[in-house]
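Novice: need coordinates for the below:
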Amino acid sequence: MMCGAPSAAQPATAETQNIADQVRSQLEEKENKKFPVFKAVSFRSQVVAGTNYSIKVHVGDDEFVRLRVFRSLPHENKPLTLSDYQTNKAKHDELSYF
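Specialist: Numbering: from 1, shown residues only. Here you go, the predicted model:
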């Protein structure tokens, strides 16, 4: 992968699920609701001065959300940040950068 270029969409991994789990409370606070399910389905990553992750998450029924999460460089020792998100997505919606 080239620095700055987003990766192709790929199935979520245990690491992807862990990243999603770490920002779940940030999303639930912003949306003022608890999600009954929170299962990462697919993701893309982009190396910048850290890493941006775009993650599609199943949140129950036929509803999906897209998360954009930023992981800073290790030496900065900062928590993961939910940079942006989109709700009311469907399973077939493409995981594009937003």
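Novice: Ala12: how many residues sit nearby?
Specialist: 18 (other CB atoms under 10 Å). Just so you know, the C-beta spots here come from the backbone N, C-alpha and C atoms, and that holds for glycine as well.
Novice: with the one 4 residues further on instead?
Specialist: Taking other CB under 10 Å as the criterion, the count of residues near Thr16 is 21.
Novice: that one: which element?
Specialist: helix 14-31 (DSSP states H and E).
Novice: what pairs with the helix or strand just after that helix, parallel or antiparallel?
Specialist: The C-terminal neighbour of helix 14-31 among helices and strands, as given by DSSP H and E, is strand 39-48. Strand pairing for strand 39-48, determined by DSSP bridges: strand 10-11 (antiparallel), strand 50-60 (antiparallel).
Novice: can you flag the weakest of these by average pLDDT?
Specialist: Lowest mean pLDDT within those: strand 10-11, a mean of 90.
Novice: which residues does it contact?
Specialist: Residues from elsewhere that reach strand 10-11 (CB atoms under 8 Å, 6 or more residues apart in numbering): 41-44.
Novice: out of those residues, which is most surrounded?
Specialist: Going by other CB under 10 Å, Phe43 tops the contacts of strand 10-11 with 25 neighbours.
Novice: any idea how far that one is from Ala9?
Specialist: 7 Å (CB to CB, to the nearest Å).
Novice: which neighbours do the two share?
Specialist: Leu95.
Novice: dump the residue contacts of Gly50.
Specialist: With CB under 8 Å, 6+ apart, Gly50 has these contacts: 70-73, 76.
Novice: and what of Ala40?
Specialist: Counted by CB under 8 Å, 6+ apart, Ala40 has contacts 12, 16-17, 19-20, 55-57.
Novice: apart from its neighbours in sequence, what residue is nearest it?
Specialist: Distances taken as CB to CB, 6 or more residues apart in numbering put Ala12 closest to Ala40, at 3.7 Å, once the chain neighbours are dropped.
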